[in-house]
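Peer 1: The sequence and its predicted three-dimensional model are supplied below.
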Amino acid sequence: MLNEFRADLHIHTCLSPCADLEMSPLAIVHKAAEKGIDIIAVTDHNSAENIIAAQKAAEDTGLTVLAGMEITSSEEAHILALFDSAADILKIQEMVYEKLLPGENDEKKFGEQVVVNERDEVSSFNKRLLIGATMLSAYEIIDAVHSSGGLSVASHIDRDAFSIISQLGFISDDLKFDALEISPLTGREEAEQLYQTYKTFAWISSSDAHYLNDIGKRTVLFHMKEPTIAEMRLAFQRKDGRKVEWDERQ
Ligand SMILES: [Zn+2]
Ligand SMILES: [Zn+2]
């Protein structure tokens, strides 16, 4: 028996310098539930320090919070890493922190990077240069994510900055992304025309929310057994009846 799950797999918390400070894990969980979303992924820039809080905040709700991160490659392309468990993304975080370009976050210029708990209390301010790139190539990121059992998705391929296409010109066959993401800027029909050559990949669309009201702006519908990375992988590969559909309902 397959079920339908509505998912928004790209959401930033107040840990991302560019995200609104109202994006606390608790507020995000409430907003996602209100919008009828079943699965979200918390995907802060080069850090996963708000994941545990988001998963705890969702404990007594029907919402599944995937442990994610939006990693900036050395080519300055954004890549989503998605896992079930916080432990897995925290291992990826160790690698990312080691390879993050040195420097401190300039709060005045880029914004604060706030680590909070599941009750909305501030735990600390992350001082790393999360807005910057890592020294990891797109290939290295995809490999690391796959060896830890996660999914890697090319972020907002339709955007003219920080996307794999804007940075490399095209998506090489040997980049083993599990899916490509198209931003809310591009409609389905337009995407079909622009990215016909990339139909071998699964496509998703997500909000890339930096503000509470953006959550659920774009979602996908997964047809699968349960809200797990293993089932999502099957849906991306269209195996055993699983599938993912791009939902343009706002
Ligand atoms: Zn991005
Ligand atoms: Zn993003």
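Peer 2: Right, received. Where do you want to start? Numbering: from 1, shown residues only. Ligands and ions are numbered 1, 2, ... in the order given.
Peer 1: What parts of the protein come near ligand 2?
Peer 2: E70, D208 (CB under 5 Å from the ion). To be clear about C-beta, it is placed using only N, CA and C from the backbone, and glycine gets the same treatment.
Peer 1: need the helices for the chain, in chain order.
Peer 2: 25-34, 51-57, 86-99, 107-110, 138-147, 164-168, 188-194, 229-236 (DSSP state H).
Peer 1: Counting by contacts, list what the last one packs against.
Peer 2: Contact analysis of helix 229-236 by 3 or more CB pairs under 8 Å, 6 or more residues apart in numbering; DSSP states H and E lists strand 78-83, strand 151-154, strand 219-224, strand 243-247 as its packing neighbours.
Peer 1: is it true that K35 touches R218?
Peer 2: No: K35 lies out of contact with R218 (CB atoms under 8 Å); the separation is 11.4 Å.
Peer 1: Of those two, which one has the most company?
Peer 2: A side-by-side neighbour count of K35 and R218, using other CB atoms under 10 Å, places R218 first with 25 against 16.
Peer 1: can you pull the contacts of the more buried one?
Peer 2: D8, S183, P184, S205, S206, S207, W246, D247, E248 (CB atoms under 8 Å, 6 or more residues apart in numbering).
Peer 1: Over to M23?
Peer 2: For M23, the contacting residues are I11, H12, T13, C14, S16, A209, H210, Y211, L212, by CB under 8 Å, 6+ apart.
Peer 1: any idea which of these is closest to ligand 2?
Peer 2: Nearest to ligand 2 among these: H12, at 5.6 Å, using CB to the ion.
Peer 1: Would you mind listing what in the protein touches ligand 1?
Peer 2: Close to ligand 1, as judged by CB under 5 Å from the ion, the chain has residues H78, S155.
Peer 1: Okay, now the sheet partners of the helix or strand of the chain with the lowest mean pLDDT, with direction.
Peer 2: None of the helices or strands of the chain scores lower by mean pLDDT, DSSP states H and E than strand 243-247, at a mean of 89. Its sheet considered, strand 243-247 pairs with strand 219-224 (antiparallel) by DSSP bridges.
Peer 1: How about the closest residue to L80 other than its chain neighbours: which residues does it bridge to?
Peer 2: In space, and not counting its chain neighbours, L80 is closest to V153: 4.1 Å by CB to CB, 6 or more residues apart in numbering. V153 forms beta bridges with L80, A179, as assigned by DSSP bridges.
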